[in-house]
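>>> build me a model from this:
(2 chains)
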Number of protein chains: 2
Amino acid sequence: MQPRPTTFLEPYRLQQLLGVPLVLALESLQHTGSFKYRAAHNVVANVPQSHILAASSGNFGQAIALASKLQGKRCTVVMPETSAKVKIDAVREYGAEADLIDTKKIQREERQSQLAEELGDVYLASAYDDPLVIAGNASLGEEIAASGLGIQTVVCPVGGGGLASGLIQGLRGAAEVVAAEPAMANDAARSLREGRIVRHQVEPLTVADGARTISLGQHNWAILQHGLKAIVEVEEEEIREAVRLLFSLANVKSEPTGALSLAAVIRDRHRLQGRRVCCVVSGGNVDPGVYAEILGS
Amino acid sequence: MQPRPTTFLEPYRLQQLLGVPLVLALESLQHTGSFKYRAAHNVVANVPQSHILAASSGNFGQAIALASKLQGKRCTVVMPETSAKVKIDAVREYGAEADLIDTKKIQREERQSQLAEELGDVYLASAYDDPLVIAGNASLGEEIAASGLGIQTVVCPVGGGGLASGLIQGLRGAAEVVAAEPAMANDAARSLREGRIVRHQVEPLTVADGARTISLGQHNWAILQHGLKAIVEVEEEEIREAVRLLFSLANVKSEPTGALSLAAVIRDRHRLQGRRVCCVVSGGNVDPGVYAEILGS
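So this is what the prediction gives:
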């Protein structure tokens, strides 16, 4: 199953509110509920191994599970045993084996290497730092460039950097790319300022769990260092407000990471005035309890 | 602004769960957040009057407001003063005048006639019982027939009957139409059984507020009486569960009325086994408090 072409939405009330001719690219409706399926599909299709091994408790785990299953490959996903039950269930439902670990006893990377040795000819799939991931995500940039919507600026969340670098690659200059990052997890913004990859000591616990990565990937950094127009840092409450606005004014269910780009546009709307902006809603997978809590606050 | 072509989604996890090759038609992403914009656009475009008058506290009010504004016509929407503030705000934001009434003192229809007399040359727009409404909604049937998805059964909610009759008209036999109705507001199902329009004495307070109509419209009945394949009656808790499933397994924000069709498919899945079914998610406008409560229960 090929990645689903993105759904473009021109949300009238959000446009009125912001004074920006905004377009949303709803990757929340992508297979497995996030843009990660683009990368996963491309990885599985292009590696010779018949067994894929990944470490992810998030969207990449689900995406690589389904992409493997549909292409007739085995898949094992290393996940902390404390992962939300809905996430473990989803990975299993998509046909992968969930390898649950106690992260107090063993790190994900360590367990991944251990398994790789045991299993033999497997492909260790990175959720973001892999040219095949970037090339998979580039398909979204190509779709935006070919959309006929006249997009001038694409805003997307940045965690490991796979989506932003894929967009830059796929757009080929047709539009500038602005990344949106939680202020409390701003390693990418600091990396750009310092001209080198800055790492967090521990995973920053932002509500945008897709942006909790320790640092940008090497392959992504090579593209982002000179390819990004800017990074906008947004506060936690702005992310939550963007989730609510997508709900109320566009009927879009977004996960917090998916709402980062809208939060950045709201913060930066004066600079974006009159520009044709596309916000990538990168995914929609969010625990119902977390979502209800955000709506209620 | 023409109606937005519907967004088709083939939700893998829902398909697996139900064993039905299900397709969703997301009218929740239609302009103003529901299929009603199709009808409203068609009404405003085809009546000579430059002032449109409607009585609706729901999706039709918002749809007719925006359709009027964008076509340069005046619009007045009669609403109970007890309507949810978000609904009154939306109608005003879309450029219409909200005429708030105390329903203990005056009925909506009475106030509408009063206003019509005061204002002179206005068009009294019905939310469902009007050939222009049916013809507007027919565009969705045409899109489903032309989708290339091989749809054999279309399932849609029924309230006044405008959507179901529009679908039958637009599909022209390309697929059968099954209506989904709340069991506690089953006037359409009883009408079909009795061969005449059955009316409720008072609005039944189903959670699917779009199906709280007193009875089918005359124009709709003429089409539905012989054109509907079946009506499936669903319980309140089944509607709420369908809202949750759309959230969890398809990343779709639906209002309760919009989830009626999925609830009917779940109830009737054994009869639908193997059939290519399209569920119309008719709208997504739901109060955040109501939605959070449904997710949490």
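>>> near chain B, which residues of chain A? Just list them.
Proximity of chain A to chain B, by C-beta under 8 Å from any C-beta of the partner chain, involves residues A:7, A:9, A:12-13, A:16, A:28-29, A:31-33, A:66, A:86, A:90, A:93, A:244, A:247-248, A:251-253, A:284-285, A:288-289, A:291-293, A:295-296. (C-beta placed from N, C-alpha, C; glycine too.)
>>> now do 6 Å
A:7, A:9, A:28-29, A:33, A:251, A:253, A:284, A:288, A:292, A:295-296 (C-beta under 6 Å from any C-beta of the partner chain).
>>> buried subset of these as a ChimeraX selection?
In ChimeraX, a selection of the buried entries from the residues of chain A next to chain B looks like this (16 or more other C-beta atoms under 10 Å in any protein chain shown):
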select /A:7,9,28,29,33,251,253,284,292,295
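>>> strands along chain A, start to end?
A:7-9, A:22-26, A:51-55, A:74-80, A:97-101, A:123-125, A:153-157, A:176-182, A:230-234, A:277-281 (DSSP state E).
>>> got the ones you listed as a markdown table, with mean pLDDT columns?
Formatted as a markdown table, these follow (pLDDT from 0 to 100):
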| stretch | mean pLDDT |
| --- | --- |
| strand A:7-9 | 98 |
| strand A:22-26 | 98 |
| strand A:51-55 | 95 |
| strand A:74-80 | 95 |
| strand A:97-101 | 95 |
| strand A:123-125 | 96 |
| strand A:153-157 | 98 |
| strand A:176-182 | 98 |
| strand A:230-234 | 97 |
| strand A:277-281 | 98 |
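>>> rewinding a little: among the residues of chain A next to chain B, which are in helices?
Judged by DSSP state H, the residues of chain A next to chain B include A:288, A:292, A:295-296 as members of helices.
>>> okay if I get these as JSON lines plus distance to residue B:189?
JSON lines is the format used below for these (distance: C-beta to C-beta, whole Å):
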{"residue": "A:288", "distance to residue B:189": "31"}
{"residue": "A:292", "distance to residue B:189": "33"}
{"residue": "A:295", "distance to residue B:189": "33"}
{"residue": "A:296", "distance to residue B:189": "36"}
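>>> how far does stretch A:149-165 sit from its chain's centre?
Distance, stretch centre to chain centre, for stretch A:149-165: 10 Å (C-alpha atoms, centre = their mean, to the nearest Å).
>>> meant to ask about stretch A:275-286, not that
With C-alpha atoms, centre = their mean as the basis, stretch A:275-286 stands 10 Å off its chain's centre.
>>> contacts for it next, please.
Stretch A:275-286 has contacts (C-beta atoms under 6 Å, 6 or more residues apart in numbering or on different chains) with A:20-28, A:33-35, A:59, A:144, A:150-157, A:253-255, A:257-258, A:261-262, A:265, B:251.
>>> stretch A:31-38: how far from the chain's middle?
Chain-centre distance of stretch A:31-38: 9 Å, with C-alpha atoms, centre = their mean.
>>> what's the first-to-last distance across it?
Using C-alpha to C-alpha, to the nearest Å, the end-to-end distance of stretch A:31-38 comes to 9 Å.
>>> what's the answer for stretch A:269-288, then?
Stretch A:269-288: ends 30 Å apart by C-alpha to C-alpha.
>>> mind listing what's buried in that stretch?
Buried, per 16+ other C-beta under 10 Å, within stretch A:269-288: A:269, A:272, A:275, A:277-287.
>>> next: stretch A:22-31.
A:22-31.
>>> which residues of the stretch 1-150 of chain A score low on pLDDT?
Counting by pLDDT under 70, the stretch 1-150 of chain A contains no low-confidence range.
>>> I'd assumed residue A:206 was in contact with residue A:185.
Yes: the criterion here is C-beta atoms under 6 Å, and residue A:185 meets it with residue A:206 at 4.7 Å.
>>> can you show me the helices along chain A?
Taking DSSP H as the test, the helices found in chain A are A:12-18, A:36-46, A:59-70, A:85-93, A:108-119, A:131-145, A:162-171, A:187-194, A:218-227, A:236-250, A:260-267, A:269-272, A:288-296.
>>> show me what the third one is packed up against.
By that I understand helix A:59-70. Contacts defined by 3 or more C-beta pairs under 6 Å, 6 or more residues apart in numbering or on different chains; DSSP states H and E place helix A:59-70 against helix A:36-46, strand A:51-55, strand A:74-80, helix A:85-93.
>>> of the ones you listed, flag the one that's most buried.
Among the helices and strands packed on helix A:59-70, helix A:36-46 has the highest mean neighbour count (mean count of other C-beta atoms under 10 Å in any protein chain shown), at a mean of 25.
>>> which other helices and strands contact it?
Contact partners of helix A:36-46 among helices and strands, from 3+ C-beta pairs under 6 Å, 6+ apart: helix A:59-70, helix A:131-145.
>>> if we go to 10 Å?
strand A:51-55, helix A:59-70, strand A:123-125, helix A:131-145, helix A:162-171 (3 or more C-beta pairs under 10 Å, 6 or more residues apart in numbering or on different chains; DSSP states H and E).
>>> how far out from the middle of the chain is that helix?
Offset of helix A:36-46 from its chain centre (C-alpha atoms, centre = their mean): 14 Å.
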